[in-house]
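**Q** After the sequence you'll find the predicted model.
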Amino acid sequence: MFQRTIHLYRDAYRGLSPSVWLLAGVMLVNRCGTMVLPYLTLYLTQHLHYSVADAGIVMAVFGVGAFLGTFLGGQLVDRFGFYYVQLLSLVFSGAFLLFLQFVTHFYALCGSVFVFTLFGESFRPANQAAIAHYSIPENRTRAFSLNRLAINLGWAIGGGLGGWIAGIQYSLLFWTDGLTCLLAGLFLWLALQPPRSQATNDGLAALTSSIDTERFMSPYRDTPFVIFAVLATLYFIVFMQLFSIIPLYLKEAVHLSESQIGLLISMNGVIIVCVEMALVYTLERRNFPKIRLIIAGILLATVSYTLLTLPATWVNALLFTLGITFSEMLVMPFFQSFTVERSQPATRGKYLALYAMAGALAQTLAPMLGAQLVANLGFQLHWLVVAVISLVAALGFWRLGPRLSTPLDSGVDSLSHT
């Protein structure tokens with residue numbers, strides 16, 4: 001049994017290209033320094049003495065910048081290539097974070113946060129396009145899972161260190177975050193060379209001539225994928241309650257301490273780091289359709305939030321955390337790999353940007369809508385509404401499934417791989 005488990009984990013990590021591992025390393029370095037965002041609200045209220053309402057406005061500006069930044073990133077990737085977009089995003093973000101600590105005027109803060117996020121979030125579709133380029137269809141979902149492992153491990157390290165550093169001096173958060181962005185950019189520049197080709201060639205052009213031109217050129221004309229993005233937004237709104245309303249619920253309803261809340265939520269990242277790669281590998285070997293795995297994951301989220309409508313106990317909170325974590329592992333990596341399969345090399349940045357925009361929009365809406373629902377309905381009715389939204393998303397994917405079962409042209413992708 002033990003030997004079989006060892007072989008399972010070994011095989012789960014086998015077969016990924018060195019470039020995919022290097023990209024995961026870049027992401028790990030970058031996320032280990034992600035300290036400003038988790039503590040930005042505290043920085044604004046405790047250090048700069050702005051009101052909670054003002055801090056909320058700044059965070060809303062952050063969300064708008066993230067939404068537009070992912071769109072911008074997709075456009076830039078398809079025009080200039082993912083390598084240079086990643087590099088410039090990391091360098092710009094790092095330099096701007098070092099500058100941001102000196103901005104204290106409210107409107108200047110809003111403008112600075114918007115510009116920083118606009119260019120910083122362009123990294124997301126560029127990084128996903130790079131992973132798609134350096135992976136093959138057989139291991140692409142695992143490549144995205146490895147990247148998610150790096151993100152979660154980095155968040156766990158950065159979040160923990162961030163609290164300790166904030167206790168010393170808030171300005172050190174900006175220095176640490178900014179310097180790790182620059183370090184990640186340096187690592188990318190030294191360790192990974194620009195690919196020989198990210199564009200189309202004659203063979204690719206010949207293949208794409210048989211594809212519906214309008215659908216090939218823009219994801220916004222690919223109606224099933226637009227619906228996919230809308231349904232993904234619903235799931236993201238549901239999932240992101242974990243980082244916005246759940247901590248408040250655990251404090252006020254379950255009566256856990258801050259350290260207990262942190263421990264419970266950190267379980268999410270720990271389980272993902274330990275389990276996701278092996279889980280994805282096992283599911284891929286059994287050839288489960290991606291859309292069915294996505295639906296199963298969303299239904300698991302529905303059940304998890306329904307649990308919270310029951311009396312508030314630490315047992316239900318623990319079961320919820322386990323359920324939403326496995327939901328995330330079933331949904332997120334397959335969302336990403338499906339988006340890549342739906343796209344073509346020439347439009348991959350735009351497809352990934354539309355997918356990332358769904359997440360950025362949910363990142364803005366989830367805390368705002370959640371807070372309003374809790375204030376007006378209370379926690380239990382709020383969780384019921386969230387469970388219904390999750391169920392609607394699952395039913396939507398079930399109805400949409402037959403229209404999404406075939407990518408536009410999977411044969412095109414093989415020509416672009418180097």
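**A** Perfect, I can see it now.
**Q** Helix, strand, or coil at the residue nearest to Leu384 when sequence neighbours are not counted?
**A** Counting by Cβ to Cβ, 6 or more residues apart in numbering, Leu384 lies nearest to Thr309, which is 5.2 Å off, once chain neighbours are set aside. For glycine as for every other residue, the C-beta is placed from the backbone atoms N, C-alpha and C. The local conformation at Thr309, judged by DSSP: H, G, I helix; E, B strand; the rest coil, is coil.
**Q** so what's Thr309 up against?
**A** By Cβ atoms under 8 Å, 6 or more residues apart in numbering, the contact set of Thr309 is 380, 383-384, 387.
**Q** And for Leu319?
**A** Applying Cβ under 8 Å, 6+ apart, the residues contacting Leu319 are 304, 307.
**Q** Counting neighbours, show which residues of the helix or strand it falls within come out buried.
**A** Assigned by DSSP states H and E, Leu319 belongs to helix 314-342. Neighbour-count burial for helix 314-342 flags 316-317, 319-321, 323-342 (criterion: 16 or more other Cβ atoms under 10 Å).
**Q** Would you mind pulling up the elements that the very next helix or strand once past it packs against?
**A** From helix 314-342 onward toward the C-terminus, using DSSP H and E, the following helix or strand is helix 348-377. In terms of contacts (3 or more Cβ pairs under 8 Å, 6 or more residues apart in numbering; DSSP states H and E), helix 348-377 is packed against helix 52-80, helix 123-134, helix 223-239, helix 241-244, helix 314-342, helix 379-404.
**Q** Also compute the angle for helix 348-377 relative to helix 52-80, please.
**A** If you take axes from the mean of the first three to the mean of the last three Cα atoms, to 10 degrees, helix 348-377 sits at 160 degrees to helix 52-80.
**Q** any weak-confidence spans in the stretch 101-250 of the chain?
**A** Residue ranges of the stretch 101-250 of the chain with pLDDT under 70: 159, 197-217.
**Q** if you set the cut-off to 50 instead, what comes out?
**A** Applying pLDDT under 50 to the stretch 101-250 of the chain picks out residues 199-215.
**Q** mind listing the helices for it?
**A** Taking DSSP state H, counting those that start in this stretch, the helices of the stretch 101-250 of the chain run over residues 106-120, 123-134, 140-168, 171-191, 202-208, 213-217, 223-239, 241-244, 246-252.
**Q** Export those as CSV, with columns for mean neighbour count and distance to Met368.
**A** Below are the helices of the stretch 101-250 of the chain laid out as CSV (neighbours: other Cβ atoms under 10 Å; distance: least, Cβ to Cβ, whole Å):
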stretch, mean neighbour count, distance to Met368
helix 106-120, 18, 16
helix 123-134, 27, 21
helix 140-168, 20, 22
helix 171-191, 19, 24
helix 202-208, 14, 41
helix 213-217, 15, 34
helix 223-239, 21, 10
helix 241-244, 19, 9
helix 246-252, 18, 14
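**Q** so which of the ones you listed gets nearest Val85?
**A** Judged by Cβ to Cβ, the one of the helices of the stretch 101-250 of the chain that comes nearest to Val85 is helix 123-134, at 3.8 Å.
**Q** Which neighbouring elements make contact with the closest one?
**A** So helix 123-134, by 3+ Cβ pairs under 8 Å, 6+ apart, packs with helix 18-32, helix 52-80, helix 82-100, helix 140-168, helix 314-342, helix 348-377.
**Q** excluding its backbone neighbours, what's nearest the most centrally placed residue in the chain?
**A** For the chain, the residue nearest the mean C-alpha position is Gly359 (6.8 Å; Cα atoms, centre = their mean). Closest residue to Gly359 apart from its sequence neighbours, by Cβ to Cβ, 6+ apart: Phe236 at 5.1 Å.
**Q** contacting residues for the one you found?
**A** Phe236 sits next to 358-359, 361-363, 366 when contact means Cβ under 8 Å, 6+ apart.
**Q** What is the nearest of those residues to Ala53?
**A** Nearest to Ala53 among those, with distances taken as Cβ to Cβ, is Ala366, at 18.2 Å.
**Q** what's the neighbour count on the closest one?
**A** 23 (other Cβ atoms under 10 Å).
**Q** Distance across stretch 125-142, terminal residue to terminal residue?
**A** Stretch 125-142 has an end-to-end distance of 17 Å (Cα to Cα, to the nearest Å).
**Q** Distance from it to the middle of the chain?
**A** Its chain's average C-alpha position is 14 Å from that of stretch 125-142, according to Cα atoms, centre = their mean, to the nearest Å.
**Q** now do stretch 10-30
**A** 17 Å.
**Q** next one: stretch 105-121
**A** From the chain centre to the centre of stretch 105-121 is a distance of 20 Å (Cα atoms, centre = their mean).
**Q** Stretch 311-319 too?
**A** Stretch 311-319 has its average C-alpha position 26 Å from the chain's average C-alpha position, going by Cα atoms, centre = their mean.
**Q** Test my guess that Met27 contacts Asn127.
**A** Yes - counting by Cβ atoms under 8 Å, Met27 does reach Asn127; the two are 6.8 Å apart.
**Q** Give the residues shared as contacts by those two.
**A** Residues touching both Met27 and Asn127 by Cβ under 8 Å, 6+ apart: Asn147.
**Q** I appreciate the help and will end here.
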